[in-house]
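Trainee: Below: sequence and its predicted model.
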Amino acid sequence: MLQVNAMGDTCPIPVVKTKDAIKELGAQGGVVETLVDNEISVQNLTKMANQKGYGVKSEKLGENQFRVTMTVGEGAAQIAGNEPTACIIPSGREKNLVVAVSSDQMGGGAEKLGKTLLKGFLYALGQQDVLPKTILFYNGGAALTCEGSASLEDLKSLEAQGVEIMTCGTCLDFYGLTEKLQVGEITNMYTIVEKLAGADLVVNP
């Protein structure tokens, strides 16, 4: 049995840690217990287990403390990474996936929450089995590739895995960020249009 401590971790980290533990079990399978501190993580883990056909049960151990137990059968190591992270993005199995980021936050509503969600999205993107070919950053999204961005480590990891990281030069100039670019390359609107038009699937977080 393997135990995963995901207390204090936000989506999608509990799911990613649990998937990594399942891979460690090997082809013989086994049991993985994951500790989390919120019901949303319990739901995400349960959904992931149901998608893969694992046995799963959850229990509340105390205030803000839950345990999710998965029983993984033979052959789990081969399929553990084949589904998307449950709480963030779909599989994107198309040949040419392009992600277009136009803001420094995800969705509307509270700015702090939106920034947290987008950081989680970019982290989860790097955990997928099929990575995007290109990630485009423009308008407010340009700040994410620059000095001070909370997502630089995740973006540099994606770039190291062969993902193109491209930021609109006009946007960098407008926001005074040209000299602060830390990852990827500067691009122009012609190339942005070309990348979007040639994509099999475009994801806008």
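Mentor: Good, I have the coordinates.
Trainee: Run a quick neighbour tally on the closest residue in space to Val163 that isn't next to it in sequence.
Mentor: Spatial nearest neighbour of Val163, chain neighbours left out: Leu131 (5.4 Å); criterion: CB to CB, 6 or more residues apart in numbering. C-beta coordinates here come from the backbone N, C-alpha and C atoms, glycine included. Neighbours of Leu131 under the rule other CB atoms under 10 Å: 16.
Trainee: Correct me if wrong, but Leu131 is in a strand.
Mentor: No. Judged by DSSP: H, G, I helix; E, B strand; the rest coil, Leu131 forms no part of a strand; its state is coil.
Trainee: got a pLDDT number for it?
Mentor: As predicted, Leu131 sits at a pLDDT of 90.
Trainee: Repeat that for Thr85.
Mentor: Reported pLDDT for Thr85: 47.
Trainee: hmm, back to that, OK, contacts around the residue nearest to Val163?
Mentor: Neighbour list for Leu131: Leu97, Leu125, Leu158, Gln161, Gly162, Val163 [criterion: CB atoms under 8 Å, 6 or more residues apart in numbering].
Trainee: change it to 7 Å
Mentor: Shown in contact with Leu131 (CB atoms under 7 Å, 6 or more residues apart in numbering): Leu158, Gln161, Val163.
Trainee: any idea how far it lies from Leu158?
Mentor: 7 Å (CB to CB, to the nearest Å).
Trainee: all strands of this structure, in order?
Mentor: 2-5, 30-36, 55-62, 65-72, 97-101, 134-137, 164-168, 185-187, 201-203 (DSSP state E).
Trainee: List just the one of those strands that sits closest to Gly108.
Mentor: Closest approach to Gly108 among the strands of the chain is made by strand 97-101 (15.4 Å; CB to CB).
Trainee: Now rank the contacts of Leu131 by neighbours and give me the top one.
Mentor: That'd be Leu158 among those, by other CB under 10 Å, with 24 neighbours.
Trainee: tell me which helix or strand of this protein sits lowest on mean pLDDT?
Mentor: helix 76-79 (a mean of 41; mean pLDDT, DSSP states H and E).
Trainee: how about low-confidence regions in the protein?
Mentor: Within the chain, the stretches with pLDDT under 70 are 74-94.
Trainee: Serialize the contacts of Leu131 to JSON lines and add fields for distance to Glu185.
Mentor: Output for the contacts of Leu131, formatted as JSON lines (distance: CB to CB, whole Å):
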{"residue": "Leu158", "distance to Glu185": "13"}
{"residue": "Gln161", "distance to Glu185": "16"}
{"residue": "Val163", "distance to Glu185": "12"}
